[in-house]
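Undergrad: 3D model of this:
(one chain, ligands or ions: 1)
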Amino acid sequence: MTALEITGLGKVYNNGNEALHNISLNIPQGSFYAMLGPNGAGKSTLINILADTVRASSGAVSLFGRDLFTQRSWCKRQIGVVPQEVAFDPFFTPREVLAFTSGMFGCKADYAWIDELLRRLELIDHSVKNTRQLSGGMRRRLLVAQALVHKPKLVILDEPTAGVDVELRRRLWDFMRELNASGTTILLTTHYLDEAEELCDHVAIIDRGRLLTARPMQEMMGEIASSYLWFNYGKKLDMTVEAVKTLAAFEPRLTDEGICLKLGMLEDGSTFHEAYQAAVACFGAPRDAGLRREDLEDVFLRLTGKPMVEEQADG
Ligand code: ADP
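TA: Residues are numbered from 1 along each chain as shown. This next block holds a predicted model:
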C-alpha cells in the first residue's frame, strides 16, 4: 500500500519560477523516507503543496488512496507537518498549545498522549511555562509535538533537528524510529546526510525541481554508491580537452586538491589500475592517492554537483 502517490507534480510560481517539474514519487506506507536536495531544490514547495499552503500547477497526489486536492479535510487529518515558523500564542503554555492544536484537527485533547509527547520531546519540565519563555530549541521541539498531536498516519518532518544539539538529536531520532516502527509513515527532509542514511529506508534526491533518483536506501548505497580513487596533487587541476576524453569513463570529479575517479569492477583490480594510469597520463604522478567507498554525501555531491550544506548560513 502506498501512503503517498505523487504523479507528474509541477509548480510554476506567479513570477515564472518553475519550482517543481513533473515529479513522480511513491512513498510506501510505513516507510521512513528521506527527501534530500540542495537549497532551492523545491523541497519546501513540495511539502507546502502537501500541507495545502501552496497550490500545485499540475499533477496529482493521492494520500492513502484518496485524492489530496479534492478530499482536503480528510487528508489534512492524516498528515502532520512541522510548521516552518513558530505560530503559537506566546501566552499559552506548551500543554495548552497542544490541546489547542488538537482542537484545530477536530480531535478532543488526549492529555495522556500530550504528556507523552511533552515527555519524549523533553518539554515536560517546561509544560506550564509560557511559550515565550522557551528557548529556540524548545520551541522547535514544541513544533514537532504539534505535528504529532492528532496522531497522523503520515508525518512530514522538515529539518526537525536543525540547531538541535547532538545529544538531543539522538533522542529525537529514537523517538522518530519508534513512531515509524508503530506504523507511522515519515517523510524527512534534512541537511544531515548521516541522519538520512541512518534513519531512512528510502531516499529521493531532487535538484532544481527535478527528481534525480528515488529508491530504497539499501539499493542506493549498494548500486549507486561505488568505490572511487582519489588523487592528491596539492592543487586544483586544469581539465584539458584531452583529459576530459581520457577520464570520461571514470566520471571524474575535481576537488580542491586533485581529482576523484569512479571505479566500476574492482574484483579483478583492472579498473583500479586503469584509473590510476589514466590519471598519471593526464596529470603526472600524484602526491598521494587512495581508495574510498562513497557514502550518501558523496552520492549527493556526484548527482547534484553541490555539497548539501553550501548555503545553510543564510537559510
Ligand atoms: P528548497 O526548500 O529545496 O530550498 P524551495 O521550494 O523553497 O526549495 O524553492 C524552489 C524554487 O522556487 C527556488 O528557485 C525558489 O526561489 C522558488 N520559490 C520558492 N518560493 C517561491 C515563491 N513564493 N515565489 C516565487 N518563487 C519561489
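Undergrad: phi, psi of Asp67?
TA: For Asp67, the backbone dihedrals (degrees, to the nearest 10) come out as phi -70, psi 120.
Undergrad: give the contact list for it.
TA: Residues in contact with Asp67, defined by C-beta atoms under 8 Å, 6 or more residues apart in numbering, are 60-61. All C-beta spots, glycine's among them, are computed from the backbone N, C-alpha and C.
Undergrad: Next: Leu123.
TA: Per C-beta under 8 Å, 6+ apart, neighbours of Leu123: 94, 117, 134, 138, 141-142, 145.
Undergrad: quick one: which of the residues you listed sit in strands?
TA: Among the contacts of Leu123, no residue falls in strands (DSSP state E).
Undergrad: can you pick the most crowded of those residues?
TA: Pro94 (27 neighbours; other C-beta atoms under 10 Å).
Undergrad: Just the local confidence number for that one, please.
TA: On pLDDT, Pro94 comes in at 93.
Undergrad: Just the terminal-to-terminal distance for stretch 90-98.
TA: With C-alpha to C-alpha, to the nearest Å as the measure, stretch 90-98 spans 13 Å from end to end.
Undergrad: picking that back up, from the contacts of Leu123, which two are the most distant?
TA: Leu117 and Leu134 (14.7 Å; C-beta to C-beta).
Undergrad: list the contacts for the most centrally placed residue in the chain?
TA: In the chain, the centroid-proximal residue (C-alpha atoms, centre = their mean) is Thr189; its distance is 2.8 Å. Contact analysis of Thr189 by C-beta under 8 Å, 6+ apart lists 34-37, 43, 47, 157-159.
Undergrad: For it, what are phi and psi?
TA: Note on Thr189: its backbone torsions stand at phi -110, psi 140 [degrees, to the nearest 10].
Undergrad: And the strands in this protein?
TA: Using DSSP E, strands in the chain cover 2-12, 18-28, 32-36, 58-63, 66-67, 79-81, 154-158, 185-189, 202-207, 210-216, 227-232, 253-254, 258-262, 288-293.
Undergrad: Figure out which of the ones you listed is closest to the ligand.
TA: Among the strands of the chain, strand 18-28 comes nearest to the ligand, with 3.3 Å by C-beta to the nearest ligand atom.
Undergrad: Remind me what that closest one packs against, helices and strands.
TA: strand 2-12, helix 43-50, strand 185-189, strand 202-207, strand 210-216 (3 or more C-beta pairs under 8 Å, 6 or more residues apart in numbering; DSSP states H and E).
Undergrad: Identify each buried residue in the third one, please.
TA: Neighbour-count burial for strand 185-189, counted by 16 or more other C-beta atoms under 10 Å, picks out 185-189.
Undergrad: what sits up against stretch 276-291?
TA: 227-234, 237, 240, 242-243, 246-247, 250, 258-259, 261, 263, 272.
Undergrad: neighbours of Met35, just the number please.
TA: 26.
Undergrad: before we move on, back to that, just put the strands of the chain in JSON lines and tack on distance to Leu98 and mean pLDDT.
TA: As requested, those are exported to JSON lines (distance: least, C-beta to C-beta, whole Å; pLDDT from 0 to 100):
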{"stretch": "strand 2-12", "distance to Leu98": "24", "mean pLDDT": "98"}
{"stretch": "strand 18-28", "distance to Leu98": "26", "mean pLDDT": "97"}
{"stretch": "strand 32-36", "distance to Leu98": "24", "mean pLDDT": "95"}
{"stretch": "strand 58-63", "distance to Leu98": "24", "mean pLDDT": "97"}
{"stretch": "strand 66-67", "distance to Leu98": "27", "mean pLDDT": "97"}
{"stretch": "strand 79-81", "distance to Leu98": "12", "mean pLDDT": "93"}
{"stretch": "strand 154-158", "distance to Leu98": "15", "mean pLDDT": "92"}
{"stretch": "strand 185-189", "distance to Leu98": "20", "mean pLDDT": "94"}
{"stretch": "strand 202-207", "distance to Leu98": "30", "mean pLDDT": "94"}
{"stretch": "strand 210-216", "distance to Leu98": "34", "mean pLDDT": "93"}
{"stretch": "strand 227-232", "distance to Leu98": "48", "mean pLDDT": "91"}
{"stretch": "strand 253-254", "distance to Leu98": "47", "mean pLDDT": "90"}
{"stretch": "strand 258-262", "distance to Leu98": "48", "mean pLDDT": "92"}
{"stretch": "strand 288-293", "distance to Leu98": "44", "mean pLDDT": "89"}
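Undergrad: Same list, these, but as CSV with distance to the ligand please.
TA: Output for the strands of the chain, formatted as CSV (distance: least, C-beta to the nearest ligand atom, whole Å):
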stretch, distance to the ligand
strand 2-12, 8
strand 18-28, 3
strand 32-36, 9
strand 58-63, 15
strand 66-67, 23
strand 79-81, 13
strand 154-158, 8
strand 185-189, 8
strand 202-207, 7
strand 210-216, 11
strand 227-232, 27
strand 253-254, 23
strand 258-262, 26
strand 288-293, 28
